[in-house]
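1. Model the structure of this input:
(one chain, ligands or ions: 1)
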Amino acid sequence: MNVRYLARSDILALKPYQSARKLTYSGNIWLDANEFPIAPNYQFRYKKMHRYPSCQPQEIINNYADYAGVRSDQILVSRGADESIELLMKVFCNPGKDVIIFCPPTYGMYKTTAEILGINYRIILKKKNWQLDLTSIESQLNNVKLIYICNPNNPTGNIIHVNSLKKLLDIIQDKAILVTDEAYVDFCPNASLVRWLSIYPHLVILRTLSKAFALAGLRCGFTLANPEIIKLLEKVIAPYPLSIPVIDIAEQALTPKNIQYTLNRIDTINKNRNILITGLQQCSCVQKVFDSNANYVLVRFHPKYQIFNTLLRQGIILRDQSSQPGLMHCLRITVGTYNECKHVISILRKLHTPSLSAYINRSTHES
Ligand SMILES: *Cc1c(COP(=O)(O)O)cnc(C)c1O
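-> You can find the predicted model right below:
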């Protein structure tokens, strides 16, 4: 018996999300998943695990509320922001009927999660400047329940104009919910919409400890929203979403002292990013460096250099974004340590003109 027969046909056809850690490369400098380059030093304190953990550990909630500037009843904690993306669809979307919107180029999990849950989606591309196409969105709101907007956007690094988010909230009032994915907002806190939570009941914000807090391996994220939405999410979340070791480390990461360490870490990464951008702009293999407000930089390279493989051979792993709309020849580089940034730049600078002029001569003939 072929048991594949029993599976849902849409799951058989599903192209699973290609997480950075599923693509296996051998390398020693990992700049592909927007992780923090150095492990923070937390130790396990809780030794006993014979009891189930609390579903929503209060200390984590209270401390994250202080950090984010919201009330405790406006927070849900979950197994990463990815779980939150899914919980929202479970609460608000009838499979096969309701629709979510997302706006490529952007993070891939909105689409994959919708596909897995059998929820319809509508793709509304960003404009050339990677801002929202509000006219298109407004004209395609039938059956839409959730609109996922990544801000700052992964992988482009830009911030969505605050006025267009305000307009979007007005357009969709009484119809749909705006979910802003703020996984990287710790690197540019002024871009957060957190102050609007008390004004707009249909605004939801996603946060995570995976990026600026340097805890991608922990799997801990947050949903910020009005208490009505939080209560609905609590109905569908697993009974024990966080394991005791996760709770233990997350509590430590959110003490005032360790939050200060995180703020220092953010400073360092932002400085390294600017060094990386300046260095990249001086490389002849680079066609364009896009400005970034997060811990990664999107770069369009001259295709002939095959930068992805060239760096891979030197043990440096980047993330290929070239299959996203408008991102031909683009790679995303996570901002690592100062030395990692310098190392990448020095390798790229060595790839210069002889092969470039050969390429230019050849490509003029080809085209
Ligand atoms: C990394 C990332 C996430 C996932 O965060 P986790 O908390 O690790 O699940 C969500 N959204 C975006 C845009 C991300 O880049």
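2. Based on its surroundings, how many neighbours for whichever residue of the chain sits closest to the ligand?
-> Residue nearest to the ligand within the chain: residue 80 (2.5 Å; C-beta to the nearest ligand atom). (Glycine included, C-beta is placed from N, CA and C.) For residue 80, the count of nearby residues is 23 (other C-beta atoms under 10 Å).
3. Surely it is in contact with residue 220?
-> Yes: between residue 80 and residue 220 there is a contact under C-beta atoms under 8 Å: 6.5 Å.
4. Touching both of these two, which residues are there?
-> Common contacts of residue 80 and residue 220 (C-beta atoms under 8 Å, 6 or more residues apart in numbering): 208, 210.
5. show me what contacts the nearest residue to residue 288 once chain neighbours are set aside?
-> Excluding its sequence neighbours, the residue lying closest to residue 288 (C-beta to C-beta, 6 or more residues apart in numbering) is residue 300, at 4.4 Å. Residue 300 sits next to 286, 287, 288, 290, 327, 328, 329, 330 when contact means C-beta under 8 Å, 6+ apart.
6. which of those residues count as buried?
-> 286, 290, 327, 329, 330 (16 or more other C-beta atoms under 10 Å).
7. which phi and psi does the closest residue to residue 30 other than its chain neighbours have?
-> Nearest residue to residue 30, sequence neighbours excluded (C-beta to C-beta, 6+ apart): residue 317, at 5.3 Å. With angles defined as degrees, to the nearest 10, residue 317 sits at phi -110, psi 120.
8. Let me see the domain layout of this structure.
-> Split into domains by automatic domain parsing, the chain comes to 3-34+258-362, 58-255.
9. Return the most buried member of those.
-> Highest mean neighbour count of the domains of the chain: domain 58-255, a mean of 19 (counted as mean count of other C-beta atoms under 10 Å).
10. any chance of the buried ones among the contacts of residue 300 in CSV, with pLDDT and secondary structure too?
-> Output for the buried ones among the contacts of residue 300, formatted as CSV (pLDDT from 0 to 100; DSSP: H, G, I helix; E, B strand; the rest coil):
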residue, pLDDT, secondary structure
286, 97, strand
290, 98, coil
327, 98, coil
329, 97, coil
330, 98, strand
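11. Which stretches in the stretch 101-250 of the chain count as strands?
-> 120-123, 144-150, 177-181, 203-208, 221-224 (DSSP state E, counting those that start in this stretch).
12. which one of those strands lies closest to residue 274?
-> Closest to residue 274 of these, according to C-beta to C-beta: strand 144-150, at 22.0 Å.
13. Note down every partner strand of the closest one and its orientation.
-> Using DSSP bridges, the strands paired with strand 144-150 are strand 99-102 (parallel), strand 177-181 (parallel).
14. Could you pick out the longest helix of this protein?
-> If you go by DSSP state H, the chain has its longest helix at helix 256-281.
15. mind checking how far residue 114 is from residue 133?
-> 20 Å (C-beta to C-beta, to the nearest Å).
16. likewise residue 20?
-> In terms of C-beta to C-beta, residue 20 sits 29 Å off from residue 133.
17. go on, residue 143?
-> For residue 143 relative to residue 133 (C-beta to C-beta), the value is 19 Å.
18. now swap in residue 93 and tell me
-> Distance of residue 93 to residue 133, computed by C-beta to C-beta: 22 Å.
19. now residue 300
-> Residue 300 is 22 Å from residue 133, by C-beta to C-beta.
20. what do you get for residue 278?
-> Using C-beta to C-beta, one obtains 32 Å as the distance from residue 278 to residue 133.
21. next one: residue 285
-> Counting by C-beta to C-beta - residue 285 and residue 133 are separated by 32 Å.
22. likewise residue 274?
-> Residue 274 is 30 Å from residue 133, where distance means C-beta to C-beta.
23. same deal with residue 139?
-> Following C-beta to C-beta, the distance that separates residue 139 from residue 133 is 10 Å.
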